[in-house]
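Asks: sequence first, then the predicted structure, then my questions.
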Amino acid sequence: MSKIKAYYQLVKPGVMYGNVLTGVAGYLFAAGHFHQFSWVGFIATTLGMTFVVSAACVLNNYLDQDIDQIMARTKKRPSVTGEVSGPAMVTYSIVLLVLGTAVLALWTNWLVVAIGLIGFVTYVWLYGAWSKRLSLHGTTMGSISGAMPIAGGYAAVSGSIDIGLIMVFLILFFWQFPEFYSISIYRRKEYKAAGVPVISVVRGVPATIRWIFINTILYVLCTVALTPLGYTGWIYFVIMLIAGLYWIYVGYQGFSAKKPEEWARKRMFRLAMYHILLLCVMLSIGPLLP
Ligand code: HEM
Ligand SMILES: CC(C)=CCC/C(C)=C/CC/C(C)=C/COP(=O)(O)OP(=O)(O)O
């Protein structure tokens, strides 16, 4: 692997782009609602968030080497193979964090800076270094950090904490349980071998399927609630309701799945990916449509 590719891998591109995408959606959602869009604010939010989320992922890679070297999915990471040294990773993370925080501080507002830093600390320490290793509730902590970028994007426009900010935070918070709990089903053996107490290891697969179902319903309720709350028009409502009911139906199929691993990988996880894309598009245009 070339050095550049190694440094790129360290930011966990899949997770990083997903998080930035939700940040962008949060910004556009608020911009549509408040009729207030600025290119400077938009670019600074996107760029700053990209740097801060990347900084968090790099530091997490540095701290997670012991777990990552056991799991097949993660054992080829540059942090594990030694391609990038420990001190280099820490320096890289600090540079990204300083850059990102500076961009957010200069061109957005202090609420966005605070949300970025809370997300950073929650992901790197409260989740990665602490609760992920200790308890099945680590996912809840991880979900708090994962819901920060959309809240940050929204806050860049609103400048304050309001119902809209709380709702987008909750939507993203609940979305992550179907996403990660389905991964925990199809990667159960790896997590068990690495000693990570994810829900499928601690409570078993049927209980995990139950919690996926419950959280999917909570996600759908929060997404459609934006319309009666006055944030989006009925086109958003109808599309999110239909897509949401379908997701709930797929969650329900989990109860009778003959091969839960296959259901989790090919149905539930995949649908979580489609849902986040659809959600981001609909949040961005929902306030502007009838
Ligand atoms: C807003 C929050 C999140 C976003 C946007 C997100 C996005 C993504 C995306 C796009 C992927 C597929 C690409 C890739 O493999 O890198 C992925 C995979 C993954 N995510 Fe998430 N994720 C989020 C939250 C979480 C949470 C809370 C956890 C765990 C507690 C988690 C654990 C994982 C794992 C382990 C994979 C790898 C799956 C595999 O290789 O089979 N993610 N995520
Ligand atoms: C504003 C801000 C900086 C927010 C932080 C956003 C962020 C990086 C969220 C990630 C969510 C999450 C728990 C991913 C899984 O990590 P993992 O360590 O379980 O994944 P792995 O097993 O692939 O390493």
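Replies: Alright, I've got the coordinates. Ligands and ions are numbered 1, 2, ... in the order given.

Asks: do the helix or strand encompassing residue 40 and ligand 2 meet at all?
Replies: Residue 40 is part of helix 39-63, with elements assigned from DSSP states H and E. Yes. Helix 39-63 is in contact with ligand 2 by C-beta under 6 Å from any ligand atom, via 52, 53, 56, 57, 60. No exception for glycine: its C-beta is placed from N, CA and C like everyone else's.

Asks: neighbour-wise, give me the winner out of those.
Replies: residue 52 (32 neighbours; other C-beta atoms under 10 Å).

Asks: skipping adjacent residues, who's closest to that one in space?
Replies: residue 100 (3.7 Å; C-beta to C-beta, 6 or more residues apart in numbering).

Asks: does the one you found touch residue 116 like I think?
Replies: Yes. The pair residue 100 and residue 116 passes the contact test of C-beta atoms under 8 Å, sitting 6.7 Å apart.

Asks: columns distance to residue 93 and pLDDT on top of the residues of helix 39-63 next to ligand 2, output as CSV?
Replies: CSV is the format used below for those (distance: C-beta to C-beta, whole Å; pLDDT from 0 to 100):
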residue, distance to residue 93, pLDDT
52, 10, 98
53, 11, 98
56, 8, 98
57, 9, 98
60, 9, 97
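
Asks: ok, and for the helix holding residue 40, which residues are buried?
Replies: Of all the residues in helix 39-63, those buried under the rule 16 or more other C-beta atoms under 10 Å are 41-42, 44-63.

Asks: quick check, the helix or strand just after that helix touching ligand 1?
Replies: Next in sequence after helix 39-63, counting helices and strands by DSSP H and E, comes helix 65-68. No. Helix 65-68 stays clear of ligand 1 (C-beta under 6 Å from any ligand atom), getting no nearer than 10.7 Å.

Asks: render the CA-only coordinates of helix 65-68 in PDB, please.
Replies: Coordinates of each C-alpha in helix 65-68 appear next as PDB, following Å, rounded to 0.1, in the frame of the first residue of the first chain:
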ATOM      1  CA  GLN A  65      -5.000  -1.700  17.300                       C
ATOM      2  CA  ASP A  66      -5.400  -4.500  19.900                       C
ATOM      3  CA  ILE A  67      -9.000  -5.300  18.700                       C
ATOM      4  CA  ASP A  68      -8.400  -4.600  15.100                       C
END
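
Asks: so after that helix, what's the next helix or strand?
Replies: Following helix 65-68 toward the C-terminus (DSSP H and E): helix 78-81.

Asks: and that next one, what does it pack onto?
Replies: helix 3-9, helix 39-63, helix 65-68 (3 or more C-beta pairs under 8 Å, 6 or more residues apart in numbering; DSSP states H and E).

Asks: okay if I get those helices as TSV plus distance to residue 283?
Replies: TSV is the format used below for the helices and strands packed on helix 78-81 (distance: least, C-beta to C-beta, whole Å):
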stretch	distance to residue 283
helix 3-9	28
helix 39-63	15
helix 65-68	33
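
Asks: how about the residues of the stretch 151-290 of the chain near ligand 2?
Replies: For the stretch 151-290 of the chain, the contact set with ligand 2 under C-beta under 6 Å from any ligand atom comprises residue 152.

Asks: for whatever residue of the stretch 151-290 of the chain ends up closest to ligand 2, which non-adjacent residue is closest in space?
Replies: Using C-beta to the nearest ligand atom, the closest approach of the stretch 151-290 of the chain to ligand 2 is made by residue 152 at 5.9 Å. Of all residues not flanking residue 152 in the chain, residue 115 sits nearest, at 4.2 Å (C-beta to C-beta, 6+ apart).

Asks: look up how far ligand 1 lies from the one you found.
Replies: As judged by C-beta to the nearest ligand atom, to the nearest Å, residue 115 and ligand 1 stand 13 Å apart.

Asks: all helices of the stretch 101-250 of the chain, in order?
Replies: 110-121, 132-134, 138-146, 148-158, 163-186, 188-194, 199-202, 205-225, 234-253 (DSSP state H, counting those that start in this stretch).

Asks: most tightly surrounded among these?
Replies: helix 148-158 (a mean of 30; mean count of other C-beta atoms under 10 Å).
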